[in-house]
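> heads up, no residue letters with this:
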């Protein structure tokens, strides 16, 4: 039975299957906090690209490999065994170990004194974070029924936007604090470079947060026979995907292209603004991060609210109609950000871009959870993460960096690479989203037949 199989009018079955009261919302809040932390850890470098380059003597392409391949390759590959484990073992225990592990790797990256050491610690960070999505999405699916799942997913999928923004704010602030001598009296941390100090602190916070997971009760698995032993394996999950191949291909493809485009411009946002307007990291990071933090949260939660309102009014296509409209509108301010004169125009365009950025993750996760049975969800979310992160995050920042550095050239090469690449990739994502809307209609028509 799929997530969509629970009838909206069967309140008795729904009440028996899913937890009620405040407990699922507290768990959702904690998982959202972990998701935001994961994006702070993986994106902290973005506010300090030029100081790291100068310290280690590396190029933009090497930076892009640290942000992309070093993290995303092992993250993507580790998602598969982590998804398998999430479907079979305690998600709470798996996630607790993973958070402590990736936080330790974040701290290690702060103590890196060479490119190789930083690269290796980024690989370890990817392995640890690979457990989060399969565990969290499985737990959210088992905490909220399908008809009440869009709003929780909107909250949860706000975390990457908030985390990425906080990485700029926190990274720039910590870098400025250490650069001004504020960390000089702190044992051990006072003797490392400012960018290293900024990397270590979030790791310390993560170690504490990871231990809090044992305050929560793991939700009972819905539509899974816990007496049936180990349950379906990866072959069974792949067989289910083959039975709905077009639907999965379209949702995976649209999300991957969206991730590639938005990872590309956001990964190079801070250095592009710094180089174009001659501003230091301690100014760009907190300013851009604060704008992104506020606007992305408002935009994502607003999109989730609007989708729920339209869905309750009977529009089953609302989730994709709204997502397509917001993505199309977002192209204008992203390009405008690098075309306007003066920083005021940059900040206005950045605010508009972040208000419009959050709908695709909501749509993708909502569709996957409604078409995927509970005993496959961890493995299929792992495959989704493999595709989205390996192709989106690994390739995204590197493609933009390669075109900016090797094809266009010059200090502003990355700026014009964003202007050239972003709209093309987003148009392809929009085309797949439109095809996905039609395929989803046919899927539900077949379910009701």
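All right, it came through fine. Just so it is clear, the model here is predicted, and its values are computed rather than measured.
> How is residue 217 assigned, secondary-structure-wise?
coil (DSSP: H, G, I helix; E, B strand; the rest coil).
> Got phi/psi on it?
Recorded main-chain torsions at residue 217 are phi -90, psi 130, according to degrees, to the nearest 10.
> Identify the residues contacting it.
With contact set as Cβ atoms under 8 Å, 6 or more residues apart in numbering, residue 217 has these partners: residue 23. For glycine as for every other residue, the C-beta is placed from the backbone atoms N, C-alpha and C.
> do residue 352 as well
Contacts of residue 352 (Cβ under 8 Å, 6+ apart): 295, 330, 332, 333.
> With adjacent residues omitted, what lies nearest to the third one?
In other words, residue 332. residue 352 (7.8 Å; Cβ to Cβ, 6 or more residues apart in numbering).
> in which helix or strand would I find that neighbour?
helix 343-355 (DSSP states H and E).
> next one: residue 33
For residue 33, the element it lies in under DSSP H and E is helix 23-43.
> Quick one: list the elements packing against that helix.
Under the contact criterion of 3 or more Cβ pairs under 8 Å, 6 or more residues apart in numbering; DSSP states H and E, helix 23-43 touches helix 91-110, helix 115-129, helix 132-141, helix 150-179, helix 194-211.
> Is residue 130 in contact with residue 73, as I believe?
No. The criterion here is Cβ atoms under 8 Å, and residue 130 misses it with residue 73 at 11.0 Å.
> centre of the chain versus the helix holding residue 352, how much separation?
Remark: helix 343-355 is offset 21 Å from the chain centroid, using Cα atoms, centre = their mean, to the nearest Å.
> Next, the buried residues of that helix.
Residues of helix 343-355 classed as buried: 343, 346, 347, 349, 350, 351, 352, 353, 354, 355 (neighbour count, 16 or more other Cβ atoms under 10 Å).
> Can you read off the pLDDT for residue 290?
Reported pLDDT at residue 290 in the predicted model: 87.
> Which residue, other than its chain neighbours, is closest to residue 74?
Using Cβ to Cβ, 6+ apart, the closest residue to residue 74 is residue 126 (4.3 Å).
> give me the element the nearest residue to residue 350 once chain neighbours are set aside is part of.
Among residues not flanking residue 350 along the chain, residue 291 sits closest, at 5.2 Å (Cβ to Cβ, 6+ apart). Assigned by DSSP H and E, residue 291 falls within helix 281-312.
> State the next helix or strand along the chain beyond that helix.
helix 318-337.
> pLDDT below threshold where in this protein?
1-17, 147, 223-232, 393-394, 449 (pLDDT under 70).
> re earlier: could I get the buried residues of helix 343-355 as TSV with distance to residue 20?
Converted to TSV, the buried residues of helix 343-355 look like this (distance: Cβ to Cβ, whole Å):
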residue	distance to residue 20
343	49
346	47
347	43
349	43
350	40
351	38
352	39
353	38
354	34
355	33
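> Next one: the most centrally placed residue in the chain from residue 395, what distance?
Centroid check for the chain by Cα atoms, centre = their mean gives residue 160 as the closest residue, at 4.2 Å. Counting by Cβ to Cβ, to the nearest Å, the separation of residue 160 from residue 395 is 18 Å.
> again, but for residue 261
On the measure of Cβ to Cβ, residue 261 and residue 395 end up 11 Å apart.
> the more surrounded of these two?
residue 261 (29 against 20; other Cβ atoms under 10 Å).
> nearest residue to the more buried one other than its sequence neighbours?
That would be residue 425: by Cβ to Cβ, 6+ apart, it lies 3.9 Å from residue 261.
> do residue 133 as well
Nearest to residue 133 is residue 385, by Cβ to Cβ, 6+ apart, at 5.0 Å.
> Next SSE downstream of the helix or strand hosting that neighbour?
Residue 385 belongs to helix 377-387 when elements are defined using DSSP H and E. Where DSSP H and E defines the elements, the next helix or strand beyond helix 377-387 is helix 394-402.
> Can you name the next helix or strand after that following helix?
Immediately after helix 394-402, counting by DSSP H and E, sits helix 413-448.
> Counting by contacts, list what that next one packs against.
Partner elements for helix 413-448 (3+ Cβ pairs under 8 Å, 6+ apart): helix 245-267, helix 269-277, helix 318-337, helix 359-371, helix 394-402.
> Can you say which of the ones you listed is nearest to residue 102?
Closest approach to residue 102 among these is made by helix 394-402 (17.5 Å; Cβ to Cβ).
> Run through the residues that contact residue 414.
Counting by Cβ under 8 Å, 6+ apart, residue 414 makes contact with 60, 268, 271, 272, 275, 400, 401, 404, 405.
> that older thread, distance of the residue nearest to the centre of the chain from residue 442?
Residue 160 is 30 Å from residue 442, by Cβ to Cβ.
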